[in-house]
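Visitor: generate coordinates for the sequence data below:
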Amino acid sequence: MINLSMFNSLFSLVSYFDTESKCRKVLREQRWGKYVVCPHCGSIRCVERTDGRFHCNDCSANFSELVGTIFGMVEREGSIKAMAVENTRVETLMPIIKRYVHEHSEIFTDELSSYSKLSENGYVHSVVHHHQKEYVVGDSYTNTIEGFWAQFRRMVYGIYHFVSKKYLQRYIDEEVYRWNTKEADSGVRFAYMFGMCSGTFDYSMVKCL
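Guide: Numbers count the residues shown, from 1 in each chain. Next up, the predicted model:
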């Protein structure tokens with residue numbers, strides 16, 4: 001496991017983390033140590049997939065280094081909502097879904113067991129079984145939300161290299177903003193950002209963010 005205290009400057013940090021594979025390796029070591037642990041059931045019987053994610057042989061969940069800390073929803077042809085969460089258990093996710101998704105809406109998900117209660121909570125639920133190599137079943141797919149997570153990972157690995165739990169929501173908000181305004185031109189983006197940043201801040205306020 002790499003000793004992060006070896007980096008004594010931003011230059012040395014950026015010079016070392018020059019590839020996505022190095023960033024992913026350190027994130028895994030910092031989170032799990034020697035063995036990858038499934039965040040859904042706690043099993044260590046996990047194998048790495050060809051796309052760099054992991055598959056649990058006990059509960060059949062698929063996950064990555066960032067899973068279990070972030071939850072996101074995207075509307076077809078619409079905007080995305082994403083937030084840091086403590087875990088991906090049903091009692092954590094269901095209140096969030098109910099807050100943002102109208103009852104009787106159709107929801108497309110992967111096979112995560114936490115989604116099994118969607119139908120009895122008033123939603124039309126369609127499942128894509130990724131562990132069975134299903135990716136599109138009729139109109140059911142999760143490619144859009146997976147595209148968002150791929151873009152988020154590229155931002156983390158390529159720009160920031162590492163994010164702390166304390167500020168995770170800030171990074172998520174940045175990527176959500178990029179995603180939700182991707183069709184807007186630069187002028188519209190600038191006007192919006194200028195309006196949001198038109199206040200004044202002192203150091204004590206920034207330090208507490």
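
Visitor: C-alpha only now, for contacts and for neighbours.
Guide: OK.

Visitor: partners of the residue most central in space within the chain in the sheet?
Guide: Closest to where the C-alpha atoms of the chain average out (C-alpha atoms, centre = their mean) is Ile70, at 4.6 Å. Counting by DSSP bridges, Ile70 forms beta bridges with Ala84.

Visitor: next up, the contacts around it.
Guide: 82-85 (C-alpha atoms under 8 Å, 6 or more residues apart in numbering).

Visitor: with distance to Leu168, pLDDT and neighbour count as new columns, can those residues be given to me in TSV?
Guide: Output for these, formatted as TSV (distance: C-alpha to C-alpha, whole Å; pLDDT from 0 to 100; neighbours: other C-alpha atoms under 10 Å):
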residue	distance to Leu168	pLDDT	neighbour count
Ala82	11	92	17
Met83	9	92	17
Ala84	7	89	20
Val85	10	88	17
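
Visitor: returning to that earlier point: what's the pLDDT at the residue nearest to the centre of the chain?
Guide: Note for Ile70: predicted pLDDT of 70.

Visitor: can you tell me how far it sits from Arg45?
Guide: From Ile70 across to Arg45, the span is 23 Å (C-alpha to C-alpha, to the nearest Å).

Visitor: same thing with Thr92?
Guide: Counting by C-alpha to C-alpha - Thr92 and Arg45 are separated by 24 Å.

Visitor: what does Pro95 give?
Guide: 30 Å.

Visitor: the two: which has the busier surroundings?
Guide: Using other C-alpha atoms under 10 Å, the more surrounded residue of Pro95 and Arg45 is Arg45, with 14 against 11.

Visitor: do you know how far the more buried one is from Arg153?
Guide: Taking C-alpha to C-alpha, one finds Arg45 at 24 Å from Arg153.

Visitor: now do the strands in this protein.
Guide: Along the chain, counting by DSSP state E, strands occupy 46-48, 54-56, 62-63, 70-74, 80-84, 106-109, 124-127, 136-137, 140-141.
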